[in-house]
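**Student:** Structure, please.
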Amino acid sequence: MAKHIHLYMNNPTADGVDGTEISSDETLPLSVKLNASQAESKAVKVAVRCDSGYVIDGDTEIYFEGTNAAKWQVAEDNSYSDADTALSMALWQSSLTIADVAATNKIFWVKATSTTDENPQNDRTVDLIAEGLVKAAD
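**Tutor:** Take a look at the predicted model:
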């Protein structure tokens, strides 16, 4: 992960500083278990924030890279009460632009989808990217 900007999982709260940091080296990845025989989808709440004393100058872009990136999507938070609500109500896209990322959580949702033509696997081909120009806070 880039210096001073990080992604967090495990139910982070909006404007908080909680959650478990998602690693960039796969030691603690964002993980979703899906049943491909059911062409299942699941949503996970994620946050982006900067280290204390830093902000993103402009917008932060959230997107996926990798072999199976098309099976992952992102959506704005809109204060969804839980993953099932986000899954059914969110506007899912291949990328997301988030404004005003600073030292507290900006929440968004990630959706993973399986298809019936998949064999059981531990797919490590996709990276969740948070990209923005980090600067010292004023």
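**Student:** Can you identify each of the helices in this protein by residue range?
**Tutor:** 83-89 (DSSP state H).
**Student:** what does the longest strand anywhere in it contact?
**Tutor:** Among all segments of the chain classified by DSSP state E, the strand with the greatest residue count is strand 54-66. By Cβ atoms under 8 Å, 6 or more residues apart in numbering, the surrounding residues in contact with strand 54-66 are 4-5, 48, 50, 72, 74, 94-103, 106, 108, 125-138. From N, CA and C alone the C-beta is placed, and that goes for glycine too.
**Student:** Thought Ala36 was touching Val114, still the case?
**Tutor:** Residue 114: Ser, not Val. Yes - with contact taken as Cβ atoms under 8 Å, Ser114 and Ala36 are classed as touching, separated by 4.1 Å.
**Student:** So for those two, which sits in the more crowded spot?
**Tutor:** Legend: neighbour count by other Cβ atoms under 10 Å for Ser114 and Ala36, higher for Ser114 (21 against 15).
**Student:** do you know how far the more buried one is from Glu40?
**Tutor:** Between Ser114 and Glu40 the distance, using Cβ to Cβ, to the nearest Å, works out to 5 Å.
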